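Asks: next come a sequence and a model predicted from it.
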Amino acid sequence: MRWDSQRVSGVAPGPHGGSGPVATPSLPGLDAPAIRGLLRTVTTPEFAGMTFHEVMARSALNQVPVDSPMPFRWTVNPYRGCSHACVYCFARGTHSYLELDTGTGFDSEIVVKTNLVEVLSRELARPSWNREHVAMGTNTDPYQRAEGRYRLMPGVIRALAVSGTPFSVLTKGGLLRRDLPLLQEVSAEVPVGLGLSIAIWDDALHQSLEPGAPSPKARLEVVRKAREAGLPCGVFLAPVLPWLTDSDERLDEAIGQLARAGATGVTVVPLHLRPGAREWFFRWLQREHPKLVRRYRELYSGGSYASKDYRRWLAARVQPLLHRHSIVPSSSGAQERGGNTTPLEPADRLRDERREEIEGALEGGQPGGGIRRIGSATGPAAGRAATGAPVAARSRGPGLDGIPGDPESRYPEGSLPQIAEPEREQLRLL
């Protein structure tokens, strides 16, 4: 089935003297089958330079492949494309699935699932739904600028909470602050995960590398406000950029600021250059730091990850800083395989051909961390569920606590909601 599309641009007098949209012919190719359910394409003066492709989604819950190492089985993604415009974003390649540009198109052409809340509510109401953890922010940021216009997240949060479904939100968007009261409210009913990504602390470098994202200071304030609201909030310090942000001074300053803001955990990971993002990043590097191009090509000659030597070197530099600021790395990140694994080394468990399949299901990745437990966020009972039973560790093995959405990397342990495993008697009854 092929949907007709409209291009809506600017405003004009409405039928009662007000302002309304003006429909003009669709952009070439925008009603192609690659964008399923396309209703119309919208531009507005309030979001200059951005184009919203409004679609009717057929489903809201995306199932992660069973053999994926990700510590969740379901995701929800309100948007595709991201106005944060991070040069290094490894979700860029997913725009090619829609026959859209992975460079400036990824930054400015945002696909919006306008009926997401209604579809999600129906899916959560199915008798077959087992209320498994749902992760948000695994593709592009749910709190990017488009959320200011479409306000999908409050409805998504309420739908998940009403259904008794635990969920996590991974973001670098300052709009999360708007929904902190709602997240605080529903965290008393369901386990909630929460995390921020703050990687680039130098203002000039931030403007160059992630021009559409809120400033580091603004994101740090979100961490503070989340903690004031009683919500644990972990931080993903990623990507660390070789020769740009990996000095002792810069890492110490970043981790120190996160500790003072009350971050409940910090996960540090070096730059990851997946195909799609790799080409876009090297264009930026050639333009801004041409003397580093050769060194980066050597460092990433083995693929998407920095060399093992670099990861070990960075791990050795980071560990004392985390301890100095009383942020202890997760135990799973310290596990070793063959005596060579560091907390910054990818698991390398899946073949290259599996990456594309899993990436398509996850639709990319966004960082974050932190949890809100039922009934209590601190104190002796913090590690126990409302039933009083110990909260079971949901680790899927060593090497899985780093880059969210990446099938061969680590996932930050602190970003997952604490979910109690059913007791044996309950399992028998089920």
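Replies: Sure, I can see it. Values in this document were obtained by computation on a predicted structure and should not be read as measured data.
Asks: check which helices and strands the host helix or strand of Ala259 is in contact with.
Replies: Secondary-structure element containing Ala259, defined by DSSP states H and E: helix 248-260. Contacts of helix 248-260 with other secondary structure elements, assessed using 3 or more C-beta pairs under 8 Å, 6 or more residues apart in numbering; DSSP states H and E, are made with helix 216-228, strand 234-240, strand 265-270, helix 308-324. C-beta coordinates here come from the backbone N, C-alpha and C atoms, glycine included.
Asks: now do the buried residues in it.
Replies: 250-252, 254-255, 257-259 (16 or more other C-beta atoms under 10 Å).
Asks: what does stretch 35-50 give?
Replies: With the criterion 16+ other C-beta under 10 Å, stretch 35-50 contains buried residues 35, 37-43, 47, 50.
Asks: before we move on, the earlier item: which one of the buried residues of helix 248-260 is nearest to Leu120?
Replies: Within the buried residues of helix 248-260, distances to Leu120 taken as C-beta to C-beta reach their minimum at Leu258, with 32.2 Å.
Asks: looks like that closest one contacts Ile198 (just checking).
Replies: Yes - counting by C-beta atoms under 8 Å, Leu258 does reach Ile198; the two are 7.2 Å apart.
Asks: got any residues that touch both of those two?
Replies: In terms of C-beta atoms under 8 Å, 6 or more residues apart in numbering, Leu258 and Ile198 are both contacted by the residues 220, 223, 235, 237.
Asks: in CSV: those, plus neighbour count, distance to His289 and pLDDT.
Replies: What follows is the shared contacts of Leu258 and Ile198, written out as CSV (neighbours: other C-beta atoms under 10 Å; distance: C-beta to C-beta, whole Å; pLDDT from 0 to 100):
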residue, neighbour count, distance to His289, pLDDT
Leu220, 21, 26, 96
Val223, 27, 29, 94
Val235, 34, 26, 89
Leu237, 23, 21, 90
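Asks: which one of those is nearest to Asp309?
Replies: Nearest to Asp309 out of the shared contacts of Leu258 and Ile198 is Leu237 (C-beta to C-beta; 20.5 Å).
Asks: for the closest one, list the residues it contacts.
Replies: Leu237 makes contact with 198-199, 254-255, 258, 266-269 under the criterion C-beta under 8 Å, 6+ apart.
Asks: and the strands in the stretch 101-250 of the chain?
Replies: Using DSSP state E, counting those that start in this stretch, the strands of the stretch 101-250 of the chain run over 109-113, 134-136, 167-171, 192-197, 234-240.
Asks: export those to CSV and append columns for distance to Arg149.
Replies: Shown next, in CSV, are the strands of the stretch 101-250 of the chain (distance: least, C-beta to C-beta, whole Å):
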stretch, distance to Arg149
strand 109-113, 8
strand 134-136, 18
strand 167-171, 17
strand 192-197, 22
strand 234-240, 26
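Asks: so which of the ones you listed comes closest to Val55?
Replies: Nearest to Val55 among these is strand 109-113; the distance by C-beta to C-beta comes to 5.9 Å.
Asks: which secondary structure elements does that closest one sit against?
Replies: If contacts are counted by 3+ C-beta pairs under 8 Å, 6+ apart, strand 109-113 sits against strand 51-55, strand 79-80, helix 146-150.
Asks: can I get those in JSON lines with mean pLDDT and mean neighbour count?
Replies: Shown next, in JSON lines, are those (pLDDT from 0 to 100; neighbours: other C-beta atoms under 10 Å):
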{"stretch": "strand 51-55", "mean pLDDT": "95", "mean neighbour count": "21"}
{"stretch": "strand 79-80", "mean pLDDT": "94", "mean neighbour count": "24"}
{"stretch": "helix 146-150", "mean pLDDT": "96", "mean neighbour count": "19"}
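Asks: wait, which of those is closest to Lys308?
Replies: When the helices and strands packed on strand 109-113 are compared for distance to Lys308 using C-beta to C-beta, the nearest one is strand 79-80, at 33.3 Å.
Asks: show me what the closest one is packed against.
Replies: In this structure, strand 79-80 packs against strand 109-113, with contacts taken as 3+ C-beta pairs under 8 Å, 6+ apart.
Asks: could you give the average pLDDT over the strand it packs on?
Replies: Confidence over strand 109-113 (mean pLDDT, whole number) is 95.
Asks: would you confirm that Leu152 contacts Ile110?
Replies: No - under the criterion of C-beta under 8 Å, Leu152 makes no contact with Ile110, lying 11.9 Å away.
Asks: higher neighbour count, these two?
Replies: Neighbours were counted for Leu152 and for Ile110 using other C-beta atoms under 10 Å; Ile110 has more, 26 against 21.
Asks: please tell me I have it right and the more buried one contacts Glu54.
Replies: No - using C-beta under 8 Å, Ile110 is not in contact with Glu54, being 9.6 Å away.
Asks: got any residues that touch both of these two?
Replies: Contacts common to Ile110 and Glu54, judged by C-beta under 8 Å, 6+ apart, are absent.
Asks: the helices in the stretch 1-150 of the chain, which residues?
Replies: Assigned by DSSP state H, counting those that start in this stretch, the helices in the stretch 1-150 of the chain fall at 104-108, 116-124, 146-150.
Asks: nearest to Glu189, out of the ones you listed?
Replies: helix 116-124 (13.9 Å).
Asks: what's the angle between that closest one and strand 51-55?
Replies: Between the direction of helix 116-124 and that of strand 51-55, the angle (axes from the mean of the first three to the mean of the last three C-alpha atoms, to 10 degrees) works out to 30 degrees.
Asks: that concludes my questions; thank you for your assistance.
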